[in-house]
Structures are given as structure tokens and as C-alpha cells.
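Colleague: mind looking at a prediction? Sequence and model below.
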Amino acid sequence: MEPGEIPVLIISEDTIPRAYERAIKEVWEKGASVKTEYDHPEDPPSKDATVVIIVRQPFGQPRFHRSFADGLGGLAEYVMEVVHGAHDYWVKPVEEILKGKESKDTRWTYTYHGRLFEYRIEDKVVNQIGYMIDKLSQTGYSRRAQAITWNPKLDPPTDDPPCLQRLWGRLCEDGKGGYVFNMNSHWRSRDLFKAWFENVIALTTLMRKIAEALAEKTGKNVRLGRYVDISDSLHIYGSYFKEIEGDPKKGIRSFFETLESRSFEERTWDSEFIKPHFIDDGLGKGLRRMLEREKDMPQNVRKAIEEELRQMEKKDYVV
């Protein structure tokens with residue numbers, strides 16, 4: 001690479017944990033050194049690359065990596081946030097968002113669910129995921145089935161605009177009378193070490209929901225195809241370097257030494273192990289605890305999560 005160029009990396013793996021591990025290794029070894037707007041003075045520049053990640057089997061097992069930032073119950077709640085809008089009611093009013101840094105309201109400026117399912121254009125609300133489902137059920141090979149998150153009026157002035165920019169899907173005939181649903185996600189910025197894994201678990205769950213809706217609308221079998229994850233800037237923050245590098249003087253192994261010291265099975269969990277923790281992790285998180293804790297959750301959202309919990313309690317449900 002020439003000085004000043006950002007590398008472009010392409011990673012293809014069968015499962016999410018395999019892709020996660022390889023992405024960290026590739027960005028760590030080949031990423032450019034680039035400062036970020038979140039750095040502290042003592043932080044080294046981040047490792048950064050434009051990265052295309054292909055996951056050929058989004059629900060392939062084992063589906064979960066043990067090295068991620070949140071707990072299992074917290075991950076379950078994040079999935080509900082993206083898929084069912086569990087925390088859309090935490091978003092502050094548009095008037096406060098437009099005030100930018102002058103606003104005293106510390107609530108969020110967006111949720112992915114809000115932008116994908118209830119994108120607001122002045123006084124109009126657009127369900128973009130609903131549009132994708134309708135479009136693909138009518139014309140599966142259409143190239144127009146997409147949903148965006150960026151709002152050019154609201155997002156540029158904020159300190160934390162959406163990282164996810166766009167979803168795109170396509171339905172292809174499988175040669176057996178059914179269909180295959182393929183989905184791409186496009187991100188302007190991505191924290192690889194502490195956000196990528198959770199993002200992908202949530203979006204592939206949404207991908208499955210879309211496929212189920214397409215099956216219902218078309219009356220045909222729809223299976224999941226590959227998930228493609230495109231990040232303009234996939235990065236490892238300089239503030240994380242100590243966690244990656246370890247500390248030999250203190251006997252703390254590097255991230256890669258820790259991986260090498262355990263088998264792949266010891267570094268991952270399958271969905272069957274994860275499911276009871278998604279329901280209740282024993283630490284105050286999970287779907288059951290979420291429903292008990294969040295008294296102000298809108299009733300329509302509560303009903304959707306209650307139904308999700310009922311499905312999750314079934315033996316054959318895969319998280």
C-alpha cells in the first residue's frame with residue numbers, strides 16, 4: 001500500500017465466529033494507522049481498513065463467539081432493540097435533536113429499528129423493511145429492495161450518528177421451487193473489537209425475520225443465503241491495543257495467544273447453550289427480565305417481545 005492509502009480487505013468464512021476472529025487478525029496486521037474523533041491524547045492511532053466480510057451460513061453453528069463486550073442477556077436485549085424496537089421510546093424528540101450540542105436532553109438521537117421501520121420524512125413515516133418485503137415478494141430479483149438509516153437533516157450535527165447506513169436484499173430462485181434470501185449491510189464506521197459481533201447477531205436475526213415474512217407472502221420456502229457485511233471503516237481503537245497486545249510482564253496473554261491456547265469449540269458457544277441466557281442470564285438481563293424491568297415500554301413492542309419469548313422457549317427455536 002502507498003502511504004495514506006486505506007487497505008481493502010475481503011474475508012469469507014462459513015460462520016460468524018470464524019469471520020470475527022479472522023477480521024480482527026486481518027485488520028490488526030494489515031490495517032492502516034488512522035486517528036479517530038474519539039481518541040484520548042494518550043491513545044495510539046486506530047488500526048483501520050475498508051472490509052467486505054462474507055458469512056456463508058449466518059445461522060451456522062457454533063454461532064456465538066465468547067469474546068464480545070456485553071453479557072449474553074445484554075446481547076439478547078440488543079437484538080430486541082434492533083428487531084422489535086425495544087428502545088425506540090428512548091429516542092429524544094426531533095426538536096431536541098436539531099439543537100445539537102445545545103440540547104440538555106441526553107437520550108438517544110436514533111435507533112436502527114426506528115430508522116429502518118419508521119423513517120421520518122417531515123410528517124410522513126416510512127416502513128422501509130415493510131417495503132423490502134412487499135417489493136421482493138412481488139419481484140424477488142429486484143435490485144431496489146433497500147432500507148437506509150442516514151438522515152441528512154438530523155445526523156450531521158450530532159456526535160454519534162448512525163454507523164449502519166443501508167440494508168439491501170434480494171430473493172433468488174433455488175432451483176427446487178423455493179427461494180434464497182441474500183442480504184447486504186453497509187456501514188460507514190464500525191468498531192470491530194467491541195461492536196461488530198453484536199451488530200451481526202442482531203442483523204442476521206432481522207434477516208431471518210424478513211425471510212420468514214417473505215415465505216408467508218409468497219407461500220414458498222425461503223431459506224437464508226449469505227450475509228455480506230461492508231464497512232467503509234472497520235477499525236480497532238487505539239484504546240483497545242492493551243487488550244489486544246496483552247502484558248507479558250504481568251503474565252497477560254495477547255488476544256491472539258488466548259485464541260491459540262484454546263480449541264475453536266472452547267472459544268465459541270452454539271445456539272442451544274445461548275438460548276436460556278437470552279431468556280434470563282441470571283444477572284438481571286435477558287428477555288424475561290427486560291419485560292419485568294421496563295414498565296414504560298409501549299404495549300405493541302411489549303407484545304412483540306412477549307411473542308419472541310414464547311417462541312424462544314420452544315425446543316426447536318434457534319437464537
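Modeller: Perfect, I can see it now.

Colleague: show me what contacts Gly169?
Modeller: Contact partners of Gly169, counting by Cβ atoms under 8 Å, 6 or more residues apart in numbering, are 132, 136, 145-146, 181-184, 207, 210. For glycine as for every other residue, the C-beta is placed from the backbone atoms N, C-alpha and C.

Colleague: in helices only, show me those.
Modeller: Residues from these lying in helices, with DSSP state H as the criterion: 132, 136, 207, 210.

Colleague: quick one on the thing from earlier: among the contacts of Gly169, name the buried ones.
Modeller: Buried members of the contacts of Gly169, counted by 16 or more other Cβ atoms under 10 Å: 132, 136, 145-146, 181-184, 207, 210.

Colleague: list just the nearest of these to Phe68.
Modeller: Met207 (19.0 Å; Cβ to Cβ).

Colleague: tell me the contacts of that closest one?
Modeller: Here Met207 is in contact with 58, 169, 181, 183, 224, 227 (Cβ under 8 Å, 6+ apart).

Colleague: which residue ranges of the stretch 51-200 of the chain form helices?
Modeller: Defined through DSSP state H, counting those that start in this stretch, the helices belonging to the stretch 51-200 of the chain, from first to last, are 72-84, 94-98, 112-117, 128-138, 196-218.

Colleague: the first one versus helix 196-218: what angle between them?
Modeller: Helix 72-84 runs at 40 degrees relative to helix 196-218, counting by axes from the mean of the first three to the mean of the last three Cα atoms, to 10 degrees.

Colleague: quick check: angle from helix 72-84 to helix 128-138?
Modeller: Counting by the same axes, to 10 degrees, helix 72-84 lies at 70 degrees to helix 128-138.

Colleague: can you list contacts of helix 72-84?
Modeller: Helix 72-84 is contacted by residues 68, 70, 86-87, 111-113, 198, 201-203, 205-206, 209, 274, 277-287, 289-290, 301, 304-305, 308, 319 when judged by Cβ under 8 Å, 6+ apart.

Colleague: buried subset of those?
Modeller: Buried members of the contacts of helix 72-84, scored by 16+ other Cβ under 10 Å, are 68, 86-87, 111-113, 198, 201-203, 205-206, 274, 277-281, 285-287, 289-290, 301, 304-305, 308, 319.

Colleague: for Pro162, which non-adjacent residue is spatially closest?
Modeller: Excluding the flanking residues, the one nearest Pro162 by Cβ to Cβ, 6 or more residues apart in numbering is Thr149, at 4.4 Å.

Colleague: so the one you found touches His113, yeah?
Modeller: No: counting by Cβ atoms under 8 Å, Thr149 does not reach His113; the two are 10.1 Å apart.

Colleague: low-confidence ranges in the stretch 1-150 of the chain?
Modeller: Counting by pLDDT under 70, the stretch 1-150 of the chain contains low-confidence residues at 1.

Colleague: pull out the buried positions in stretch 266-274.
Modeller: Buried, per 16+ other Cβ under 10 Å, within stretch 266-274: 267-269, 274.

Colleague: contacts only, for Trp150.
Modeller: Taking Cβ under 8 Å, 6+ apart as the test, what Trp150 contacts is 161-162, 165.

Colleague: ditto for Trp28
Modeller: 47, 236, 244.

Colleague: pull out the buried members of those.
Modeller: Buried among those (16+ other Cβ under 10 Å): 47, 236.

Colleague: and the contacts of Trp28, which of them are in strands?
Modeller: Counting by DSSP state E, the part of those found in strands is 47, 236.

Colleague: make a markdown table out of the contacts of Trp28 and add distance to Met312.
Modeller: A markdown table is the format used below for the contacts of Trp28 (distance: Cβ to Cβ, whole Å):
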| residue | distance to Met312 |
| --- | --- |
| Lys47 | 37 |
| Ile236 | 33 |
| Ile244 | 34 |
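
Colleague: which one of the contacts of Trp28 is nearest to Val94?
Modeller: Ranked by distance to Val94 (Cβ to Cβ), those are led by Ile236 at 34.3 Å.
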